[in-house]
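Engineer: Predicted model and sequence below, questions to follow.
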Amino acid sequence: MSTVKNPEEKKRLSLARDRRNRYGENSKSSRKSIQRGKQRRHMDERRTAGEVLGRLKGRVQEDEATEAELRAKTRITDSQRRGFRKRPDTPLGVVLAAKKVRKKSK
(Lines give C-alpha, C1' and ligand atoms only; values in the text may rest on other atoms or scores of the structure.)
Protein backbone atom coordinates (compact mmCIF):
# COMPACT_ATOMS: atom_id res chain seq x y z
CA MET A 1 0.00 0.00 0.00
CA SER A 2 1.25 3.46 -0.85
CA THR A 3 2.47 5.76 1.89
CA VAL A 4 1.40 8.82 -0.11
CA LYS A 5 -2.28 9.59 0.49
CA ASN A 6 -2.68 12.84 -1.45
CA PRO A 7 -3.93 12.10 -5.03
CA GLU A 8 -2.10 15.08 -6.57
CA GLU A 9 1.17 14.01 -4.94
CA LYS A 10 0.61 10.43 -6.13
CA LYS A 11 0.09 11.64 -9.70
CA ARG A 12 3.21 13.84 -9.59
CA LEU A 13 5.32 10.96 -8.28
CA SER A 14 3.86 8.61 -10.88
CA LEU A 15 4.77 10.98 -13.73
CA ALA A 16 8.32 11.28 -12.38
CA ARG A 17 8.93 7.57 -11.67
CA ASP A 18 7.12 5.73 -14.46
CA ARG A 19 9.12 5.31 -17.66
CA ARG A 20 8.30 4.88 -21.34
CA ASN A 21 10.41 3.46 -24.15
CA ARG A 22 10.95 6.24 -26.72
CA TYR A 23 13.66 4.52 -28.72
CA GLY A 24 11.27 4.16 -31.63
CA GLU A 25 10.67 0.44 -31.57
CA ASN A 26 8.69 -2.19 -29.75
CA SER A 27 9.82 -2.68 -26.14
CA LYS A 28 10.26 -6.42 -26.72
CA SER A 29 12.51 -5.85 -29.69
CA SER A 30 14.61 -3.41 -27.65
CA ARG A 31 15.82 -6.33 -25.55
CA LYS A 32 17.34 -7.95 -28.62
CA SER A 33 18.49 -4.70 -30.20
CA ILE A 34 20.54 -3.82 -27.12
CA GLN A 35 22.43 -7.11 -27.42
CA ARG A 36 22.97 -6.59 -31.13
CA GLY A 37 24.19 -3.04 -30.57
CA LYS A 38 26.73 -4.22 -28.03
CA GLN A 39 27.78 -7.00 -30.38
CA ARG A 40 28.29 -4.56 -33.28
CA ARG A 41 30.32 -2.26 -31.06
CA HIS A 42 32.65 -5.04 -29.92
CA MET A 43 33.02 -6.35 -33.47
CA ASP A 44 33.92 -2.85 -34.65
CA GLU A 45 36.54 -2.51 -31.91
CA ARG A 46 38.15 -5.81 -32.88
CA ARG A 47 38.05 -4.88 -36.55
CA THR A 48 39.72 -1.51 -36.03
CA ALA A 49 42.49 -3.08 -33.93
CA GLY A 50 42.97 -5.81 -36.53
CA GLU A 51 43.29 -3.28 -39.35
CA VAL A 52 46.13 -1.45 -37.63
CA LEU A 53 47.94 -4.47 -36.23
CA GLY A 54 47.41 -6.57 -39.36
CA ARG A 55 49.71 -4.29 -41.33
CA LEU A 56 52.68 -5.48 -39.28
CA LYS A 57 54.33 -8.42 -41.04
CA GLY A 58 57.37 -10.48 -40.19
CA ARG A 59 59.99 -9.09 -37.84
CA VAL A 60 59.05 -5.62 -36.62
CA GLN A 61 61.16 -3.00 -34.93
CA GLU A 62 60.16 -2.16 -31.37
CA ASP A 63 59.37 1.49 -32.15
CA GLU A 64 57.10 0.45 -35.05
CA ALA A 65 55.30 -1.99 -32.78
CA THR A 66 54.71 0.60 -30.05
CA GLU A 67 53.54 3.14 -32.64
CA ALA A 68 51.09 0.60 -34.09
CA GLU A 69 49.86 -0.29 -30.61
CA LEU A 70 49.28 3.38 -29.81
CA ARG A 71 47.43 3.88 -33.11
CA ALA A 72 45.28 0.82 -32.39
CA LYS A 73 44.39 2.08 -28.92
CA THR A 74 43.42 5.54 -30.20
CA ARG A 75 41.25 4.05 -32.95
CA ILE A 76 39.57 1.71 -30.46
CA THR A 77 38.84 4.70 -28.20
CA ASP A 78 37.28 6.55 -31.15
CA SER A 79 35.25 3.47 -31.98
CA GLN A 80 33.99 3.23 -28.39
CA ARG A 81 32.90 6.87 -28.40
CA ARG A 82 30.93 6.44 -31.60
CA GLY A 83 29.57 3.03 -30.62
CA PHE A 84 26.34 1.86 -29.09
CA ARG A 85 25.24 3.07 -25.66
CA LYS A 86 22.20 2.04 -23.70
CA ARG A 87 19.89 4.91 -22.90
CA PRO A 88 17.35 4.82 -20.07
CA ASP A 89 13.66 5.11 -20.81
CA THR A 90 12.09 8.57 -20.58
CA PRO A 91 9.97 9.65 -17.60
CA LEU A 92 6.24 9.51 -18.32
CA GLY A 93 5.78 13.22 -17.54
CA VAL A 94 8.25 14.19 -20.28
CA VAL A 95 6.58 11.83 -22.76
CA LEU A 96 3.12 13.26 -22.07
CA ALA A 97 4.37 16.86 -22.30
CA ALA A 98 5.95 16.16 -25.70
CA LYS A 99 2.77 14.44 -26.86
CA LYS A 100 0.73 17.45 -25.82
CA VAL A 101 3.02 19.82 -27.75
CA ARG A 102 2.79 17.64 -30.88
CA LYS A 103 -0.98 17.52 -30.58
CA LYS A 104 -1.26 21.32 -30.31
CA SER A 105 1.00 21.91 -33.31
CA LYS A 106 -1.25 19.84 -35.62
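Structural biologist: Arrived safely, thanks for sending. Numbers count the residues shown, from 1 in each chain.

Engineer: CA atoms for contacts and neighbours, from now on please.
Structural biologist: OK.

Engineer: so what pLDDT did the residue most central in space within the chain get?
Structural biologist: Per CA atoms, centre = their mean, the C-alpha nearest to the average position across the chain is that of R85, at 1.5 Å. We note a pLDDT of 85 for R85 in this prediction.

Engineer: try M1
Structural biologist: 68.

Engineer: which residue packs closest to A49, ignoring adjacent ones?
Structural biologist: Take A49 and drop its neighbours on the chain: the residue closest to it by CA to CA, 6 or more residues apart in numbering is A72, 5.0 Å away.

Engineer: dump the residue contacts of the one you found.
Structural biologist: T48, A49, V52, L53 (CA atoms under 8 Å, 6 or more residues apart in numbering).

Engineer: What of K10?
Structural biologist: Contacts of K10 (CA under 8 Å, 6+ apart): V4.

Engineer: element containing it?
Structural biologist: Assigned by DSSP states H and E, K10 belongs to helix 7-17.

Engineer: Pretty sure P91 sits against R17.
Structural biologist: Yes - with contact defined as CA atoms under 8 Å, P91 and R17 form a contacting pair (6.4 Å).

Engineer: Specify which residue of the two has the higher count of neighbours.
Structural biologist: P91 (17 against 12; other CA atoms under 10 Å).

Engineer: Which elements pack onto the lengthiest helix in the chain?
Structural biologist: Secondary structure of the chain per DSSP state H: the longest helix is helix 27-54. With contacts taken as 3 or more CA pairs under 8 Å, 6 or more residues apart in numbering; DSSP states H and E, helix 27-54 sits against helix 62-82.
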